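*Asks:* Give me coordinates for this.
(chains A and B)
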2 protein chains.
Amino acid sequence: MGFNRARIAIDAMGGDFAPGEIVAGAIRAKAELDVDVVLVGDIDQIKASTASPEQLVGIELVPAEGSIEMHEEPLSALRKKPQASINVAMDLVKRNEADAVVSAGHSGAAMAAALLRLGRLKGIDRPAIGAVFPTVVANKSVLILDVGANVDCRPKYLEQFAIMGTIYSRYVLGVDNPRVGLINIGEEPSKGNDAALKAHQLLEENPNIPFAGNAEGRDILSGQFDVVVCDGFVGNVLLKFAEAVGESVLQILREELPQGVRGKIGASILKPNLRRIKQRVDHAEHGGGLLLGVAGVTVISHGSSQAPSVFNAIRLAKEAVDNRVQDRIQAQYQRVAIPAADGE
Amino acid sequence: MGFNRARIAIDAMGGDFAPGEIVAGAIRAKAELDVDVVLVGDIDQIKASTASPEQLVGIELVPAEGSIEMHEEPLSALRKKPQASINVAMDLVKRNEADAVVSAGHSGAAMAAALLRLGRLKGIDRPAIGAVFPTVVANKSVLILDVGANVDCRPKYLEQFAIMGTIYSRYVLGVDNPRVGLINIGEEPSKGNDAALKAHQLLEENPNIPFAGNAEGRDILSGQFDVVVCDGFVGNVLLKFAEAVGESVLQILREELPQGVRGKIGASILKPNLRRIKQRVDHAEHGGGLLLGVAGVTVISHGSSQAPSVFNAIRLAKEAVDNRVQDRIQAQYQRVAIPAADGE
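*Replies:* Next up, the predicted model:
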């Protein structure tokens, strides 16, 4: 492929700490990553949000009017506010003026805007949000999808998630032979609810899915799977649960480690080690979720994102663009539709 | 209530470490708790499993023939082996010769045996397994149910779980005003899949349920809920995920804390604090799951249970018996069925 620097449109107005933290993350990404950054939003507010406006040099600013508020119903709000920052950002991708959108705003609105403005890839019934988690094996992560786009899933959606996850794992996470699991309540193919039983069969029969069997709750972060698929209800509960457990453990460490005189001495000696533990446990280090299956890269970040998360989300978008994830998904489906040619 | 010492029948042949670890846990329970213990299984194997048989004095041994293996289909295996240890143990409760059963064997078989031999309480369509988790608030726990008995749940089952959980929380965990949550993907009543939407309405309208709203993944261990209900698919994935995360974190601590010279010194100083952290994080400290909604107390332990877990499971069974959990659930349903009289 000819190399073009990825150009990321950032919804500067979305998120609990917008625009300040969003702009700060974008400035850092522009400085440290090989990307072009476009900030979409209220230009005055964007400029006012940074103490040193010269840092904005080299960053393109695209005006938008307002944003979708957390309490708003996504579809009607998107329609009422065609110039909202998320709509304008999506339109940049649609017109090929940007390669990807990053938003920490209303996640339902970001998803709906992507669907409405960019559309689904051919062959994909339901786009899914994939989130990358650390596993217990150092430097090995697992992609979980869907973590919230679809609360009720037919078995064939799970099959599509598995195909998209395989491609993502292979080309973005660099796993040569990804192992795909189906989240379920037992290892045996006979275990699970109706949807899981049928999905198991579809995954097993699809030659494009390197299916490695059911993944029980305990297997998800064990490192034995590279991709695990589930419906968006289960995935969303797991995602938020895992984030909270990571934070809780850090909190318990902070409470218990420095207890007593020995504790105070020991904890102060261990500061560098504790930082490393935080990095391995803390989900916030891992950016945002990637919306897979729409015709354009979209990264959906946590509403509470601050500059480091925004930076990580931009990096995630860049990696998806550089590795042409959506093109590869589309190609896979074209290969599936026509008799299989030699794979890439 | 007149005081009778709880009498616990233990499936000595069920579990990965049966009978040795099961017997060891039972011996400790007999010594440390105010309970009578009955070991059900192969008498010779039970006796041979302990180096000092005099420790079995005061423990009743009831013979059984064989047990249900992990690979067997529960219903047919229970029928083929009427004298299997789990069947014999349930029969003791049915004949009022014991108050409770504890088993670390095939959990589906334990559940099916309880249903077949003891039956459901009136008003309960589906018994549920409740598991108690530590929260981030020290000394505060949360009851999650169902963690695996029912993979597909109608909304009214979730309503029944909420009633059973409320009673358990109030009378066994000692929470005066339990707060009940519904596991869901958002706080708003309008969020969730079909089952969650309908369950939300049922929980809200039932005057016997102190419903406090939806619990997102991040809220489950936050301490803001005393009981959370979900279907057995979600609950089982969460249970096993949480167990694994606890273990993973301990493993990361063991790997990272002693890194380097500072680490070795710091970690050795911190040993007592690390033990306390393990107790707060490690789910194994919390025993087993209680099967709620059958006419008799049944505790289902992890297949990998060793003596400390077996001991904790017996204590859990004793607490459920002493606090008459099943009677109270039954009474609640009789009050619901007939016009509400003055509460007990």
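
*Asks:* Tell me how many other residues crowd residue A:107.
*Replies:* 22 (other Cβ atoms under 10 Å in any protein chain shown). Glycine gets a C-beta too; all of them are placed from N, C-alpha and C.

*Asks:* Check whether it really touches residue A:114, as I assumed.
*Replies:* No. Between residue A:107 and residue A:114 there is no contact under Cβ atoms under 8 Å: 10.7 Å.

*Asks:* how near is residue A:50 to residue A:91?
*Replies:* In this view, residue A:50 and residue A:91 are 25 Å apart by Cβ to Cβ, to the nearest Å.

*Asks:* er, residue A:53 I mean
*Replies:* For residue A:53 relative to residue A:91 (Cβ to Cβ), the value is 26 Å.

*Asks:* With neighbour numbers in mind, choose between the two.
*Replies:* Neighbours were counted for residue A:53 and for residue A:91 using other Cβ under 10 Å; residue A:91 has more, 21 against 11.

*Asks:* can you tell me the helix or strand for that one?
*Replies:* Using DSSP states H and E, residue A:91 sits in helix A:85-94.

*Asks:* same thing with residue A:70?
*Replies:* Counting by DSSP H and E, residue A:70 is part of no helix or strand.

*Asks:* For burial, what's the neighbour tally of it?
*Replies:* Neighbour tally, residue A:70, other Cβ under 10 Å: 14.

*Asks:* ok, it touching residue A:109?
*Replies:* No. Residue A:70 is beyond contact range of residue A:109, at 9.1 Å (criterion: Cβ under 8 Å).

*Asks:* now the strands for the stretch 151-300 of chain A?
*Replies:* A:180-183, A:211-215, A:227-229, A:289-292, A:297-300 (DSSP state E, counting those that start in this stretch).

*Asks:* Report the buried residues of stretch A:51-58.
*Replies:* A:55-56 (16 or more other Cβ atoms under 10 Å in any protein chain shown).

*Asks:* Contacts for it next, please.
*Replies:* A:23, A:27, A:30, A:39, A:46-47, A:50 (Cβ atoms under 8 Å, 6 or more residues apart in numbering or on different chains).

*Asks:* farthest pair in the residues you listed?
*Replies:* Within the contacts of stretch A:51-58, A:30 and A:47 form the most distant pair, 15.3 Å apart (Cβ to Cβ).

*Asks:* In terms of neighbours, single out the busier of the two.
*Replies:* Shown here are residue A:30 and residue A:47; by other Cβ under 10 Å, residue A:30 has more neighbours (21 against 14).

*Asks:* contacting residues for that one?
*Replies:* A:36-37, A:58-59.

*Asks:* Okay, and which of these map to helices?
*Replies:* Within these, no residue falls in helices by DSSP state H.

*Asks:* So which of these wins on neighbours?
*Replies:* residue A:37 (27 neighbours).

*Asks:* measure that one to chain B for me?
*Replies:* Residue A:37 sits 30 Å away from chain B, going by Cβ to the nearest Cβ, to the nearest Å.

*Asks:* Average pLDDT for the helix holding residue A:91, rounded please.
*Replies:* The average of the pLDDT scores along helix A:85-94 is 97.

*Asks:* just checking, what packs against it?
*Replies:* strand A:7-11, strand A:36-41, strand A:60-63, strand A:100-103, helix A:107-118 (3 or more Cβ pairs under 8 Å, 6 or more residues apart in numbering or on different chains; DSSP states H and E).

*Asks:* For the ones you listed, could you give me a markdown table that also reports distance to residue B:122 and mean pLDDT?
*Replies:* Listed next are the helices and strands packed on helix A:85-94 as a markdown table, based on distance: least, Cβ to Cβ, whole Å; pLDDT from 0 to 100:
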| stretch | distance to residue B:122 | mean pLDDT |
| --- | --- | --- |
| strand A:7-11 | 55 | 98 |
| strand A:36-41 | 61 | 97 |
| strand A:60-63 | 65 | 97 |
| strand A:100-103 | 52 | 97 |
| helix A:107-118 | 43 | 94 |
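
*Asks:* Residue A:29 reaches residue A:311, doesn't it?
*Replies:* Yes. Using Cβ under 8 Å, residue A:29 is in contact with residue A:311, at 5.2 Å.

*Asks:* So these two - more neighbours on which side?
*Replies:* Comparing residue A:29 with residue A:311 by other Cβ under 10 Å, the one with more neighbours is residue A:29, at 26 against 22.

*Asks:* wait, what's in contact with that one?
*Replies:* A:8, A:35, A:37, A:310-311, A:314-315 are the contacts of residue A:29 under Cβ under 8 Å, 6+ apart.

*Asks:* Try it again at 6 Å.
*Replies:* Residue A:29 sits next to A:37, A:311, A:314 when contact means Cβ atoms under 6 Å, 6 or more residues apart in numbering or on different chains.

*Asks:* Same question for residue A:60.
*Replies:* residue A:38.

*Asks:* Near chain B, which residues of chain A are found?
*Replies:* A:136, A:151-152, A:183, A:185, A:193, A:216-218, A:220-221, A:233-234, A:236-237, A:240-241, A:244-245, A:248-249, A:251-252, A:256-257, A:259, A:262-263, A:265-266, A:269-270, A:273, A:276-277, A:280 (Cβ under 6 Å from any Cβ of the partner chain).

*Asks:* so of those, which ones are in helices?
*Replies:* Short answer: the residues of chain A next to chain B in helices (DSSP H) are A:233-234, A:236-237, A:240-241, A:244-245, A:248-249, A:251-252, A:256, A:262-263, A:265-266, A:269, A:273, A:276-277, A:280.

*Asks:* Just the buried ones from the residues you listed?
*Replies:* For these, buried by 16+ other Cβ under 10 Å: A:233-234, A:236-237, A:240-241, A:244-245, A:248-249, A:252, A:256, A:262-263, A:266, A:269, A:273, A:276-277, A:280.

*Asks:* residues making contact with stretch A:162-173?
*Replies:* A:143, A:145, A:175, A:178, A:180, A:203, A:208-209, A:226-227, A:229, A:292-293, A:319-320, A:323, A:325, A:328-329.

*Asks:* Oops, could you answer that again for stretch A:181-192 instead?
*Replies:* A:196, A:199-200, A:203, A:212, A:214-215, A:225, A:228-230, B:233, B:236-237.

*Asks:* Highest neighbour count among those residues?
*Replies:* residue A:229 (33 neighbours).

*Asks:* Could you check how far residue A:226 is from chain B?
*Replies:* Counting by Cβ to the nearest Cβ, the gap from residue A:226 to chain B is 17 Å.

*Asks:* Enumerate every residue touching the spatially closest residue to that residue that is not a sequence neighbour.
*Replies:* Closest residue to residue A:226 apart from its sequence neighbours, by Cβ to Cβ, 6 or more residues apart in numbering or on different chains: residue A:178 at 3.9 Å. Counting by Cβ under 6 Å, 6+ apart, residue A:178 touches A:166, A:169-170, A:210, A:226-227.

*Asks:* 10 Å instead?
*Replies:* A:142-143, A:162, A:165-170, A:209-210, A:212, A:225-227 (Cβ atoms under 10 Å, 6 or more residues apart in numbering or on different chains).

*Asks:* which one of the residues you listed sits closest to residue A:125?
*Replies:* Minimum distance to residue A:125 across the contacts of residue A:178 is 13.3 Å, recorded for residue A:162 (Cβ to Cβ).

*Asks:* Count the residues that sit near that closest one.
*Replies:* 27.

*Asks:* hey, what's the most centrally placed residue in chain A bridged with?
*Replies:* Central residue of chain A (Cα atoms, centre = their mean): residue A:289, 1.4 Å from the mean position. Residue A:289 has these beta-bridge partners by DSSP bridges: residue A:300.

*Asks:* Surely it and residue A:302 touch.
*Replies:* Yes. Residue A:289 lies in contact with residue A:302 (Cβ atoms under 10 Å); the separation is 8.6 Å.

*Asks:* Find the residues that touch each one of these two.
*Replies:* A:107, A:239, A:313.

*Asks:* and which of those is nearest to residue A:100?
*Replies:* When these are compared against residue A:100 (criterion: Cβ to Cβ), the nearest one is residue A:313, at 9.9 Å.

*Asks:* Next, work out how far apart the closest one and chain B are.
*Replies:* For residue A:313, the distance to chain B - Cβ to the nearest Cβ - is 19 Å.
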